[in-house]
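Participant: need a 3D model of the sequence below.
(4 chains)
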Amino acid sequence: MDLKDTPDQAAYRQRVRAWIEEHRHEAPELSSGLHAADPTAFRTWQGTLADAGLVGITWPKEFGGAGLGPIEQVIVSTELRRAGCPGIVDHIAVGNIGPTIFTYGSSAQQERYLGPLLHGDEGWCQLFSEPAAGSDLAGITTRAVAQDDGTWRVTGQKVWTTMAQFADYGMLLARTDPDVPKHRGLTMFLIDMRAAGVTVRPLRQISGAAHFNEVFLDDVELPADAVLGPVDGGWGVAMTTLMFERLALLAAFEELGWSAEDFVEPVADLPAMGDAHVRQRIAELTTELLSLRYSAYRTLTALSRGDVPGPEAGLGKIAIINAGVQASELIVDLLGPAAIDGRWGDLAMEMPGLRSGGGTEEILRTTVGDRVLGLPPEPRVDKDVPFSELTTGKAVAA
Amino acid sequence: MDLKDTPDQAAYRQRVRAWIEEHRHEAPELSSGLHAADPTAFRTWQGTLADAGLVGITWPKEFGGAGLGPIEQVIVSTELRRAGCPGIVDHIAVGNIGPTIFTYGSSAQQERYLGPLLHGDEGWCQLFSEPAAGSDLAGITTRAVAQDDGTWRVTGQKVWTTMAQFADYGMLLARTDPDVPKHRGLTMFLIDMRAAGVTVRPLRQISGAAHFNEVFLDDVELPADAVLGPVDGGWGVAMTTLMFERLALLAAFEELGWSAEDFVEPVADLPAMGDAHVRQRIAELTTELLSLRYSAYRTLTALSRGDVPGPEAGLGKIAIINAGVQASELIVDLLGPAAIDGRWGDLAMEMPGLRSGGGTEEILRTTVGDRVLGLPPEPRVDKDVPFSELTTGKAVAA
Amino acid sequence: MNFGLSEEQELLRDTARDALERLDTIASAREALDGVDLLDSWSTAAEAGWAGLVIDEEHGGAGLGVFDAMLVHEELGRRLTGTGLLGHVTATGLLNAAAQDERVATILPALAAGERRAAMTLARPPRDDDEGWTLDAPVPGGGRASLPAADAGGALSGTVALHPELPGADVVVVVATGPSGRVGAYLVDTAAPGVQITEVVHGDATRPLGTLELRQAASTPLQADEGDLARAWYTGQALLAAEALGVCQATLDLGVAYAKERHAFGRPIGSYQAVKHQLVEILRRIDLTRNLCFFAGYAADSSPGEFALAASSARFAGEQGADYATRTCIAVHGGIGSTWEHDAPLFWRRAQLSRRLLGGVEDAGDRVAGEIITTARDRVAAAA
Amino acid sequence: MNFGLSEEQELLRDTARDALERLDTIASAREALDGVDLLDSWSTAAEAGWAGLVIDEEHGGAGLGVFDAMLVHEELGRRLTGTGLLGHVTATGLLNAAAQDERVATILPALAAGERRAAMTLARPPRDDDEGWTLDAPVPGGGRASLPAADAGGALSGTVALHPELPGADVVVVVATGPSGRVGAYLVDTAAPGVQITEVVHGDATRPLGTLELRQAASTPLQADEGDLARAWYTGQALLAAEALGVCQATLDLGVAYAKERHAFGRPIGSYQAVKHQLVEILRRIDLTRNLCFFAGYAADSSPGEFALAASSARFAGEQGADYATRTCIAVHGGIGSTWEHDAPLFWRRAQLSRRLLGGVEDAGDRVAGEIITTARDRVAAAA
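Facilitator: Residues are numbered from 1 along each chain as shown, chains lettered A, B, ... in the order given. Below you'll find the predicted structure:
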């Protein structure tokens, strides 16, 4: 067991570090919090990184990536963090969307989109969730209707779309056949976010900030070559995206780089550090965060040995939210109500929103129980019924 | 809001107290723990109480009861506890079985059984649960087959039967028609526990003690007049029993009389009483126990105003088990491993067994969600299918 | 035994519920976060007679008790109403008891009618390990802030930081250390020279906090001993517990309604055990808190020796319940539950702030333990 | 970076699992509660070479590390095996480091071969608020028991109460206070005059406790400083964590198997979210503990400055996990899970006892916090 670099990794790290040392003056100031307010400068910086081969580390070389492994990805992230430099701005594009395009796209699509995506020249967003279909992604109702001339017309509403206000393109899941069971009538599209009929509306969160958007699609015309992967085969495409997302999540945790000391620091000199109950609370959040760090090392080792991350990787999301909640609560408890407004209160306010990102904790636990523990599934009432005949309850606007 | 007796209640309390003062020398020594080892002396005492009208307080007078309300029941329990005297020994008989007999029984059954039951001359047990049907009571497989001469032959196995080793009679739920959906083919019987083919085997629990039994029924013959209530209408009879059980449970909590001070007493002089974490743990268990006490007062008031306790009364079971677990854990934590063997360790060992008594906590929460909050039920796969066609998995022996 | 609401109490509760449902308090709670003035609900309180709730009839009040005030506060919590009533009830409770003083008796009618509003700076009674009476606010170097000081002439100096319900009050009952070192209560007029209240919002705009600064401010010393001051503190605990109960009930209602109507995987999400059991857990905590609120209300009037235990227990269970309930309400709603437009986060904000006021939930728990440990030790000593 | 098991480690683990599955250790755990002699599994340990696990090859051992011993202990926990290996590993780890002493080197081969069995009385290193080294056992009047004392000639006197793994040991490494007041390690032969070990079972018969009484017992003082003694304590923590991990895994396996086969209301109980999510929570806690066990194993060998944090974290998460897992396993089984014949209560008994040994779970948590607070304070100081 070894946390040290192999000679190859050490050499790579050395090269990365040298490059960063030379170019760090070009990087914009690192923003605090999980989401950037204005990405322009960060995109330019992503382009600089891409030119140096430091974006898409695990992408195949033929698509502009570095063709290296997840450990090299972490080396790049760690070195950037160490130098206080931001990394890429478009995590979803590089982590989820690009890989879906190089897996399912036509060569024309790959040539058109992948380069600008890697360089941050064109921003992307992922148009999956809907007001009435969050955890139950296959329940989306956004309709894409094929026209006689091969084009499509799309109408519907998406929600929880990160970065949509800055995106040039989107990857859109829509229903193309409502008369078959829900998983079978879906198709994935690439959509121009500036097309007529696309409206983006920021969605304000608990804290008052708007990190997500609603996207309204009103009879938007898509060209025939907007289809990504097979028509009516969009569910499989989406599942691939989510698999890449799990990989990307791992890197995101690493980039977040939370350690227990960070949370204890603002209260370290209070007399409450001698309070037995406070100390047990610190122990709780510390074990979650330490575990996450070593989980990442173990997973990276497994990935570098050729394993694929299973749904249990999602349990890390529970851990990080638990720890974030526990830490922000503890700090505000100790600093008093005035700390509710400020960095720690903001963190507390971000946590409830994260809880349901990528499916609720309950769905995640069910998936892990079914797929990892092999427990019998719940009876499903929605599997073999045409989508158009499903009970869906009242649609609830966001 | 008033905890004081009304003038009538005060007069009743006075009479009860005077009677106890006069007769307490006849009472056997109070046993510790939840279950008595040998009930003989306690039965004699119950007979003495019954002669004085202090058993079956809420039973109608025509069946030998006192025809009074739940508050008078609590007055009797409280006064007995105050004097350090045991109460009735056969809680299930007086609380559940007797009321079921006076609700559903023929006048012959009422005359034959109720008097000896109240006096403790004849002991009773409740034969409901089975190895493969615990929480899912309607899933029982014990078969009663009607004979041409009107008698019945019963074969099957029951489990978790309290006091079966001392019981003269049992109230037995059996399946009389397997070809209709599960809730519809059940019948309730009264059974002589000394009949040929009845075998009682004590069931050892975690702590090593045996408070429950398995009861094996091997082709037991029951007379025609053993049927209680309608043939194939046993489910309704059982539901009535369970409603009376909820009422009896309330009295049992009161009789248990746990208070937070009892649990803190053995550790009250330890320096750990100044430990902030220990104090929070004490607060947790104290609030549960205090709440239970005031819940009882509120429920009694509601009952005396004519309300019927709903399934949410079962939430008290969760509270008392939570408190029991928290208290025994805390005490053993503070006194050290040697305390695992002894009063507090024994209490800790009793708790896991109680958890599933009368249905698991999960079933209880589901029932409360459905019936109290009005939430939609889960899809049921077993409701309209003939019992004989249900998947039941491997039967698991206790 | 009779341990339920009287008909009058049911009427009080139902009237409060009706009156508050006519006000759009929840929309106001949201807009106030963006700087819009908070809806004035004091006039509703005054019209409904709540201002005189704990003031004797001879002084123009209703002559009711702490439990009645708790019933109203449950409804205030349910509708996120920021009336300032908690401060008014604790202050007038103490003033009412000190009404043998003519100067006090004179102002009670206006307070009872709601023409003037009172508040009180509640001070923490000593715990086992404390040195004496303190303010709730922690001091950076450790310990807690000390009370304002009164000189021999009754002039007050000192600061009470971030105390709830102070903004907007016309008079404030200040707990201060007298010239002899004894703790006492002093009535100040907020319009008087040397009295300044600065309002600040932290997290929940329906409950603005106030920092009271006193510079040689003239006051009327009140006849109140330490028992009266402790009773005021525990009354504050009981009222916050009742509010938390209302918050729990409101979020349960929101959660249940949504769980019935929202579908996932072809059936209502409330049919899934994971969702159902979480909602039942809110219900269980509501029962827990409500039982303890009954205990607190009963103890306040009929068993004062248990009031510290009862009020602290109710507060402890209530704030924990509100924390759980508001968090769960957001979670049950999925993403929509964490948006600005939704009501769930407003209740969550209330729970986040309230659980940290007036000692906070851990102080309440510590006091519960302290009471029980004392009882247990007395028993051990009696047995020895 | 390479953060997985090596092929040798996988082999070690698999071999341990196979060897232990051939023994009916769980039936023995049950029978032992009724007074039947516990199955002798020490011979299995000796044959498998575990006795020499942390002893250098030159003294007849395998020269492996703490992490390897943890892998074996996970399997011991999974099969509820009471080998005495925890005592042996901590003792021989310390003896191996002190082998420059000829008298120590002489006895190592027999210990490595498993012909003789060693144990150790582990002492609690000082925490922030402690005065010094103590024994784990609480003293009725408060505080914790003091260490045995060694005189100038190395003769030991004192008592170590209720310590795990002492019964059956041939030699014991005793942590004692030397004549200068310094803490040190002393080797005693349990057959020597003045040495007596009394065995007692509390809750879990697979882990008998021993009370060691020393009356002027002759000993060999060992070359060991406070760092070595602390390392032994944290090694004990890490091994208990690994055992707890095995207990979690075994109960998860039991629970999952039963949830697949037991039906209620016409479908397997494992298809209900309430049951499924509880089992997934066991899995989550297993992941948590396993990650921290990797950290502890890594720190023991490659980052000793983090070993206290790592081992305490693993212990904290592991014992909490085992408590949750064994309780949940019983609950998932319904009534049958709390019967004498079932295996679930045996694992629960193990968890109940183990979480209270060697400082217990709260001491472990407190040490985790202490380490983090120290780091945070150092950072604050460095920034200032």
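Participant: and A:Ser32, what pLDDT?
Facilitator: Per-residue pLDDT puts A:Ser32 at 51.
Participant: residues contacting the closest residue to A:Asp136 other than its chain neighbours?
Facilitator: Excluding the flanking residues, the one nearest A:Asp136 by Cβ to Cβ, 6 or more residues apart in numbering or on different chains is C:Ala264, at 4.1 Å. Where you see a C-beta, it was placed from the backbone N, CA and C, and this is true even at glycine. Contacts for C:Ala264 (Cβ atoms under 8 Å, 6 or more residues apart in numbering or on different chains) come out as A:Gly134, A:Ser135, A:Asp136, A:Gly139, C:Tyr272.
Participant: ok, now which ones touch the last one?
Facilitator: With Cβ under 8 Å, 6+ apart as the criterion, the residues that contact C:Tyr272 are A:Glu362, B:Glu378, C:Ala264, D:Gln273.
Participant: so for the first one, what's the pLDDT?
Facilitator: This means A:Glu362. So A:Glu362 comes in at 88 (pLDDT).
Participant: what is the neighbour count of it?
Facilitator: 22 (other Cβ atoms under 10 Å in any protein chain shown).
Participant: try the last one
Facilitator: By other Cβ under 10 Å, 21 other residues sit near D:Gln273.
Participant: list the contacts of it.
Facilitator: A:Glu362, A:Arg365, A:Thr366, A:Glu378, C:Tyr272, C:Gln273, C:Ala274.
Participant: residue ranges with poor pLDDT in chain A?
Facilitator: A:31-37, A:250-257, A:355-358, A:391-398 (pLDDT under 70).
Participant: quick one on the thing from earlier: redo the contacts of C:Tyr272 as JSON lines? Include secondary structure.
Facilitator: Below are these laid out as JSON lines (DSSP: H, G, I helix; E, B strand; the rest coil):
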{"residue": "A:Glu362", "secondary structure": "helix"}
{"residue": "B:Glu378", "secondary structure": "coil"}
{"residue": "C:Ala264", "secondary structure": "strand"}
{"residue": "D:Gln273", "secondary structure": "helix"}
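Participant: nearest to B:Gly47 among the residues you listed?
Facilitator: When the contacts of C:Tyr272 are ranked by distance to B:Gly47 (Cβ to Cβ), B:Glu378 comes first, at 47.3 Å.
Participant: ok now do the closest residue to chain A within the stretch 1-150 of chain C, which residues does it touch?
Facilitator: Closest to chain A within the stretch 1-150 of chain C is C:Gly142: 3.7 Å, counting by Cβ to the nearest Cβ. Each residue near C:Gly142 by Cβ under 8 Å, 6+ apart is listed here: A:Leu270, A:Pro271.
Participant: give me the nearest residue to the residue of the stretch 201-350 of chain C found nearest chain A, chain neighbours excluded.
Facilitator: The stretch 201-350 of chain C approaches chain A most closely through C:Gly266 (2.9 Å), counting by Cβ to the nearest Cβ. Using Cβ to Cβ, 6+ apart and skipping the chain neighbours, the partner closest in space to C:Gly266 is A:Asp382 (2.9 Å).
Participant: what is the burial count for that neighbour?
Facilitator: Counted by other Cβ under 10 Å, the residues lying close to A:Asp382 total 21.
Participant: and the gap between it and B:Phe212?
Facilitator: Going from A:Asp382 to B:Phe212 by Cβ to Cβ, to the nearest Å gives 42 Å.
Participant: just the CA coordinates for stretch A:330-347, please, in PDB.
Facilitator: Taking Å, rounded to 0.1, in the frame of the first residue of the first chain, the C-alpha atoms of stretch A:330-347 are listed here in PDB:
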ATOM      1  CA  LEU A 330     -21.400  22.700  14.500                       C
ATOM      2  CA  ILE A 331     -19.600  25.900  13.500                       C
ATOM      3  CA  VAL A 332     -22.800  28.000  13.600                       C
ATOM      4  CA  ASP A 333     -23.800  26.400  17.000                       C
ATOM      5  CA  LEU A 334     -20.400  27.500  18.400                       C
ATOM      6  CA  LEU A 335     -20.200  30.900  16.700                       C
ATOM      7  CA  GLY A 336     -23.800  31.800  17.300                       C
ATOM      8  CA  PRO A 337     -26.700  33.000  15.100                       C
ATOM      9  CA  ALA A 338     -24.600  35.700  13.400                       C
ATOM     10  CA  ALA A 339     -22.700  33.000  11.600                       C
ATOM     11  CA  ILE A 340     -25.900  31.900   9.800                       C
ATOM     12  CA  ASP A 341     -25.200  34.700   7.300                       C
ATOM     13  CA  GLY A 342     -21.800  34.100   5.900                       C
ATOM     14  CA  ARG A 343     -19.600  31.400   4.700                       C
ATOM     15  CA  TRP A 344     -20.800  28.600   7.100                       C
ATOM     16  CA  GLY A 345     -24.500  29.500   6.900                       C
ATOM     17  CA  ASP A 346     -24.200  29.500   3.100                       C
ATOM     18  CA  LEU A 347     -22.600  26.100   3.200                       C
END
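Participant: shaky segments in the stretch 101-250 of chain C?
Facilitator: In the stretch 101-250 of chain C, residues with pLDDT under 70: C:128-130, C:140-141.
Participant: fine, thanks again, bye for now.
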